[in-house]
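1. Coordinates for the following, if possible.
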Amino acid sequence: MYARKRLDIGCMDLASGLAYGALARDEAGLRGRIERWFSTQGNALACLSVRSGLDLYLQALALPRGSEVLMSSLTIPDMWRIIERHGLVPVPVDIETETLVPRVQSWEAAAGPRTRAVVVAHLFGARADLSGLVRLARARGWLLLEDCAQAFTGADYTGAPEADVSMFSFGPIKTSTALAGGVLTVRDPAVLERMRATQARYGLQSRWGFSSRLLKYSCLVALSKRPVYGAFVKACEMAGRDHDHVIQSSVRGFAGGDFFEKIRHRPGPALLALMLRRLEGYDGRRVEGRAARSRKLISILPEGVAVPGVQSPFHSFWVFTIVCDDPQAVVAALREQGFDATCAATLSVVPCPPGRERLDPRQARALLARTVYLPVYPEMPEREVERMAAVLREAVRGPRGRVQEGFSAPRLARG
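-> Numbering: from 1, shown residues only. From the prediction side, this is the model:
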């Protein structure tokens, strides 16, 4: 069975990470090299995760309690929970299926007198055109944060120059993963200096904790190989376990305990050394191969199957998703033929503030409820991509698998 996703890290990277756990020492030097890779102007900050970075940024800003932060309505739940922790009010702004970001008019409609900032997420590997939002944010005096956690493609994009903050993740399932870590480019030097000062007071990430993480993910890398993965799925079935649940729980970043205590640490030298290795050794060929397989699949999908974000100006297909009326039926058909598709997602819909139910992001809810994640990556032979398209064609013909009305057919984006 083809695993739903392969971790973007090799055996030599994992072995190097384990060696760094014993040998890496120069925390400041490693951090500086990572930050210079992102910004020669000194605008970058390496941190434990994007969550840690957002928390640091909000601490440094100290916005008045009750200030509102407009957010793309589909994101990981930790992002809006961090905003709430700082006494701020996250306000969802519904997204468009074709681009995976809100229209400028939607940002305007959701804004109010207490709006202070906007957070736009580039989802699934798509990278949105921010020009309209940039103009609106500047006209209204809002801070603009872009969440690029799912959109990293190397040095070709280290953040929109017009954004106040650009956030990049190197967590376990991200492109060029270091199994943890984040980098923020922050274009206000005073705010960045306060963030550095706060992070300097944090305790250091545990060496043993990071080494244990490397060992766990080494097992998951081995597990993703096709014969092994099929045996794993069968073993879960025999044990009465849902393999979806097993996988999702194993890659959760900060599960259990006090979430804020966990994210408020400095990245250790071992993590920094592995992040630097992944950045300096970045090879775009895997991303290019992933995008090529994705474009191939789009070209042979059944007519009318919706591919979210396909009209974005750039798409690297970090994950490949389709939208259909009965995702469970489609998932079952694909799994029967050896493709471990899934409906499980780490994303959630940002809840509306009390009394603002008119802002309920119905498009995002519909998208999330009908999304299927397909296993598409460079290691998959082209003939298997074609076979998966054939399985999809049969799966969506019946009344239960039909494509959801109202979603547009794919048109290829660049990438």
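
2. show me where the stretch 1-150 of the chain has helices.
-> 11-23, 27-38, 50-61, 77-85, 104-110, 131-140 (DSSP state H, counting those that start in this stretch).

3. I'd say Thr97 and Val323 touch.
-> Yes: Thr97 is within contact range of Val323, at 7.0 Å (criterion: CB atoms under 8 Å). The way it works is simple: take the backbone N, C-alpha and C, and place the C-beta from them, glycine included.

4. Low-confidence ranges, the stretch 251-400 of the chain, go.
-> Along the stretch 251-400 of the chain, the model assigns pLDDT under 70 to residues 251-256, 304, 398-400.

5. in it, which spans are helices?
-> All helices of the stretch 251-400 of the chain, identified by DSSP H, counting those that start in this stretch, fall at 259-263, 269-280, 285-300, 327-336, 362-369, 382-395.

6. domain ranges for the chain?
-> Listed by automatic domain parsing, the domain ranges of the chain are 11-204, 285-395.

7. what's the closest of those domains to His265?
-> Relative to His265, the nearest member of the domains of the chain by CB to CB is domain 11-204, separated by 5.2 Å.

8. and the closest one, how far from the chain's centre?
-> 11 Å (CA atoms, centre = their mean, to the nearest Å).

9. To Ala111, which of the helices of the stretch 251-400 of the chain lies closest?
-> helix 362-369 (17.9 Å).

10. out of the domains of the chain, nearest to Gly240?
-> domain 285-395 (17.1 Å).

11. end-to-end on that closest one?
-> One end of domain 285-395 to the other measures 32 Å (CA to CA, to the nearest Å).

12. Next, the angle helix 50-61 makes with the longest strand that the chain contains.
-> Using DSSP state E to define each element, the chain has its longest strand at strand 115-121. Relative orientation of strand 115-121 versus helix 50-61 (axes from the mean of the first three to the mean of the last three CA atoms, to 10 degrees): 160 degrees.

13. deepest of the helices of the stretch 1-150 of the chain, which one?
-> helix 50-61 (a mean of 23; mean count of other CB atoms under 10 Å).

14. What lies in contact with that one?
-> Contact with helix 50-61 is made by 45, 47, 78-79, 82-83, 85-86, 88, 143, 145, 147, 149, 165, 167-169, 171, 182-184, 186, 191-192, 194-195, 198-199, 253-254, 260, 263-265, as judged by CB atoms under 8 Å, 6 or more residues apart in numbering.

15. May I have that helix as PDB, with CA atoms only?
-> Output in PDB follows, covering the C-alpha atoms of helix 50-61 (Å, rounded to 0.1, in the frame of the first residue of the first chain):
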ATOM      1  CA  VAL A  50       6.100  28.400  14.300                       C
ATOM      2  CA  ARG A  51       3.800  28.200  17.300                       C
ATOM      3  CA  SER A  52       6.700  29.300  19.500                       C
ATOM      4  CA  GLY A  53       7.500  32.200  17.100                       C
ATOM      5  CA  LEU A  54       3.900  33.400  16.900                       C
ATOM      6  CA  ASP A  55       3.700  33.300  20.700                       C
ATOM      7  CA  LEU A  56       7.000  35.300  20.900                       C
ATOM      8  CA  TYR A  57       5.700  37.900  18.400                       C
ATOM      9  CA  LEU A  58       2.500  38.500  20.300                       C
ATOM     10  CA  GLN A  59       4.400  38.800  23.600                       C
ATOM     11  CA  ALA A  60       6.600  41.400  22.000                       C
ATOM     12  CA  LEU A  61       3.600  43.300  20.400                       C
END
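
16. Relative to Thr346, which of the helices of the stretch 1-150 of the chain is closest?
-> helix 77-85 (8.4 Å).

17. what bridges to Leu74?
-> Beta-bridge partners of Leu74, counted by DSSP bridges, are Val349.

18. ok, it touching Val349?
-> Yes: counting by CB under 8 Å, Leu74 touches Val349, with 6.2 Å between them.

19. Which one's more surrounded, the two?
-> Set side by side, Leu74 and Val349 show more neighbours around Leu74, with 26 against 22, by other CB atoms under 10 Å.

20. residues contacting the more buried one?
-> 95, 100, 121, 123, 347-350, 361, 364, 367-368.

21. rerun at 10 Å
-> Going by CB atoms under 10 Å, 6 or more residues apart in numbering, Leu74 touches 92, 94-95, 100-101, 121, 123-124, 308, 345, 347-350, 361, 363-365, 367-368, 371.

22. again, but for Ala139
-> Applying CB under 10 Å, 6+ apart, we find Ala139 in contact with Glu108.

23. and the longest strand of the chain, average pLDDT?
-> Averaged over strand 115-121, pLDDT sits at 98.

24. Stretch 136-153 now?
-> Averaged over stretch 136-153, pLDDT sits at 97.

25. Using PDB, write out every CA atom in it.
-> C-alpha atoms of stretch 136-153 as PDB (Å, rounded to 0.1, in the frame of the first residue of the first chain):
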ATOM      1  CA  LEU A 136      -5.800  46.900   2.200                       C
ATOM      2  CA  ALA A 137      -3.700  46.200   5.300                       C
ATOM      3  CA  ARG A 138      -1.500  49.300   4.600                       C
ATOM      4  CA  ALA A 139      -4.600  51.500   4.100                       C
ATOM      5  CA  ARG A 140      -6.200  50.300   7.400                       C
ATOM      6  CA  GLY A 141      -3.000  50.200   9.400                       C
ATOM      7  CA  TRP A 142      -3.100  46.500  10.100                       C
ATOM      8  CA  LEU A 143      -0.200  44.200  10.700                       C
ATOM      9  CA  LEU A 144       0.100  41.500   8.100                       C
ATOM     10  CA  LEU A 145       1.300  38.000   9.000                       C
ATOM     11  CA  GLU A 146       1.700  35.200   6.500                       C
ATOM     12  CA  ASP A 147       1.900  31.600   7.600                       C
ATOM     13  CA  CYS A 148       4.100  29.800   5.100                       C
ATOM     14  CA  ALA A 149       4.400  26.600   7.100                       C
ATOM     15  CA  GLN A 150       3.000  24.500   4.200                       C
ATOM     16  CA  ALA A 151       4.600  26.500   1.400                       C
ATOM     17  CA  PHE A 152       8.400  26.300   1.800                       C
ATOM     18  CA  THR A 153      10.200  25.700  -1.400                       C
END
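
26. Not counting sequence-adjacent ones, nearest residue to Trp80?
-> In space, and not counting its chain neighbours, Trp80 is closest to Pro90: 4.0 Å by CB to CB, 6 or more residues apart in numbering.

27. count of residues packed around that neighbour?
-> Around Pro90 there are 21 residues (other CB under 10 Å).
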